[in-house]
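Q: When you get a sec, could you give me coordinates for this:
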Amino acid sequence: YEWRGQDLGGVSIQPSISIAYKGLSLTAWGSVGIDKEDAKEIDLTLAYETGGFSISVTDYWMAPYGEETKFFHYGAHSTAHVFEAQVGYDFGALAVNWYTNFAGADGVNEDGDRAYSSYISAIAPFSLGGLEWEAEIGATPWATDYYANTNGFAVCDISLGASKEIKITESYSLPVFAKATFNPASDKAYFTFGISF
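A: Residues are numbered from 1 along each chain as shown. I've put the predicted structure just below:
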C-alpha cells in the first residue's frame, strides 16, 4: 500500500462503495493489510464535479497496529482523523490537484505548529502499447512531518503506472494495474501491483 510516495503497508485489501447524483458523490474507502501489523484505514469523501472542475472534503481515519484508536473519537488534539480539502481541474491531457489538511491529526512544521500539510499533484494519462498509462508528479509546498518530514518544498512522488482490462469471458474483464513510484524527499522507491473486481 503506497500513497503519495509513502509506504503505508504491505499486501492490502481495499474495498470501496460510492453513491453519486448530478456530480455530487459520497464515497467510503477502506484498507486492511494481510499482515496483522499493518494499519487499518477508513476514508469518507464528499465530492462535487462539474466539467473538469472538482472539489472535495475527505475524512481519513487510520488505526495503527497496537494503538487503542476509536473511530468516533474527535478530540481536538487526540483524534486519529485527518480532514483534508481538495480542489482541482482535469484539462484532459493533464489533471492538477491541490490538497490541504485543515483539521485533525495533521503534521507539524519546524516550529512544532500545525503545518496545514499540503500536497500538489499533476497527472498525465496516455495510451501506449495497448495499456492505459498515468505519469504523476507530486510535491509538498512547505515544511511538514506529515509527508516524509519535509523541511520545505519537496518532491515526494514521481510515478508511472499502467493498467489493462484482461478479458476473461465475453461479459467479464479483470482490471489489473502496476505502478513504479520514486520519492526523492525520502530517497525511497516502490513497486505496486493490484487487481480490481
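
Q: And the helices in this protein?
A: Counting by DSSP state H, the chain forms no helices at all.

Q: center of it, which residue is that?
A: Nearest residue to the geometric centre of the chain (Cα atoms, centre = their mean): residue 3, 4.9 Å.

Q: pLDDT score assigned to it?
A: Listed pLDDT for residue 3 reads 93.

Q: same thing with the one 10 residues further on?
A: Residue-level confidence at residue 13 comes out at 94, pLDDT.

Q: what residues are up against it?
A: Counting by Cβ atoms under 8 Å, 6 or more residues apart in numbering, residue 13 touches 31, 32, 34. C-beta coordinates here come from the backbone N, C-alpha and C atoms, glycine included.

Q: again with residue 56
A: 45, 46, 47, 48, 85, 86.

Q: switch to 6 Å and redo it
A: Contact analysis of residue 56 by Cβ atoms under 6 Å, 6 or more residues apart in numbering lists 45, 47, 86.

Q: what's the answer for residue 64, then?
A: Per Cβ under 6 Å, 6+ apart, neighbours of residue 64: residue 39.

Q: before we move on, the earlier item: out of the contacts of residue 13, give me the one that has the most neighbours.
A: residue 31 (20 neighbours; other Cβ atoms under 10 Å).

Q: In this structure that one contacts residue 43, no?
A: No: Residue 31 lies out of contact with residue 43 (Cβ atoms under 6 Å); the separation is 8.3 Å.

Q: Which residue is most remote from the mean position of this protein?
A: Within the chain, the residue lying farthest from the chain centre (Cα atoms, centre = their mean) is residue 170, at 33.0 Å.
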